[in-house]
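Undergrad: For reference, the sequence and a predicted model appear below.
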Amino acid sequence: MEEQLRDPGTAWGGAAAPTQSRLEGLDYRFEGPARPRQPTLLLLHGTGGDEHDLIELGRSLLPGAALLSPRGAVVEDGMARFFRRLAPGVFDLEDLARRTDQLAGFIAAARDTHGIDSAVVAVGLSNGANIAASLMLRHPRILAGAILFRAMVPFRPAAPPALEGRPVLVAAGRRDPLVAPEESERLADLLSACGAAVETSWAEAGHALTQSDLTAARSWLSEQGFGAIRSSPAGGTR
């Protein structure tokens, strides 16, 4: 189950009107920042979502940030996803690798197309959080950080990537019927072992987001300094 946060398409603050287009095989929506060099939130929806679902969430988490929101290109039972699965909780690892690389290419293309020169922070929900975790493991320098709502370990890399202190918030539900608490803990342990600075936030909830999740995410963004103007990480992929 995913929280549905739809929006009619209005721009935020003084930012330019939203752009809806296609890059690297992904349909997406982009809203520019209210001020230059504000952070960019990469919004990655859950199964059945689209490029509009998390716009209001992004605006709420970090007002004035740029919003980059692609739609997953995989369709399962009529619902958009970012990568295939063989069964619930069983991922098609070959497709996951290919789609993760596609997403990395999309981010690089979006940087060039929209002149994004700020830090990119992923905000992923469920399937979107899983591909965000995969992105950190396969392309460790492309994100400045990530908020992973209801995520699990996407795959285990043969060699740990160097995440070099990248901040990550793993936001889990203690009563989640789809992602058991131990799955969230395994993800946090894996990212920590790769050098990420991981915090775990627990909500007394299931798979859907709650107000406590949003409060924790806002606090984390502020604590990490993402509310201030930041440039992309040194050596980040463009």
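TA: Now that the structure is in, tell me what you want to look at.
Undergrad: Just the buried positions in the longest helix along the chain, please.
TA: For the chain, the helix with the greatest residue count under DSSP state H is helix 93-114. By neighbour count on 16 or more other Cβ atoms under 10 Å, the buried set for helix 93-114 is 95-96, 99-100, 102-108, 110-111, 114. C-betas here are computed from N, CA, C, even on glycine.
Undergrad: average pLDDT across it?
TA: Averaged across helix 93-114, pLDDT comes to 98.
Undergrad: which residues make contact with it from outside it?
TA: For helix 93-114, contacts defined as Cβ atoms under 8 Å, 6 or more residues apart in numbering pick out 19, 23-26, 28, 30, 32, 42, 66, 68, 70, 73-74, 82-84, 116-117, 120, 131, 134-135, 138-139, 142, 154-155, 237-238.
Undergrad: Give me the subset of the residues you listed that lies in helices.
TA: Judged by DSSP H, the contacts of helix 93-114 include Ile131, Ser134, Leu135, Arg138 as members of helices.
Undergrad: would a markdown table of those residues with distance to Gly124 be doable?
TA: Shown next, in a markdown table, are these (distance: Cβ to Cβ, whole Å):
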| residue | distance to Gly124 |
| --- | --- |
| Ile131 | 7 |
| Ser134 | 10 |
| Leu135 | 9 |
| Arg138 | 14 |
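Undergrad: quick one: secondary structure of Gly58?
TA: helix (DSSP: H, G, I helix; E, B strand; the rest coil).
Undergrad: count of neighbours near it?
TA: Residues contacting Gly58 under the criterion other Cβ atoms under 10 Å number 24.
Undergrad: what do you get for Gly78?
TA: Neighbours around Gly78, by other Cβ under 10 Å: 6.
Undergrad: Next one: it from Glu199, what distance?
TA: 36 Å (Cβ to Cβ, to the nearest Å).
Undergrad: Check Gly46 too.
TA: According to Cβ to Cβ, Gly46 stands 21 Å off from Glu199.
Undergrad: now Ala159
TA: For Ala159, the distance to Glu199 equals 25 Å [Cβ to Cβ].
Undergrad: Same drill for the two, tell me which one is more crowded.
TA: Ranked by neighbour count (other Cβ under 10 Å), Ala159 and Glu199 place Glu199 first, with 17 against 6.
Undergrad: can you give me the strands for this protein?
TA: Ranges of strands within the chain are 19-23, 26-31, 40-44, 66-70, 74-76, 79-81, 85-87, 90-91, 120-125, 145-149, 167-173, 197-203, based on DSSP state E.
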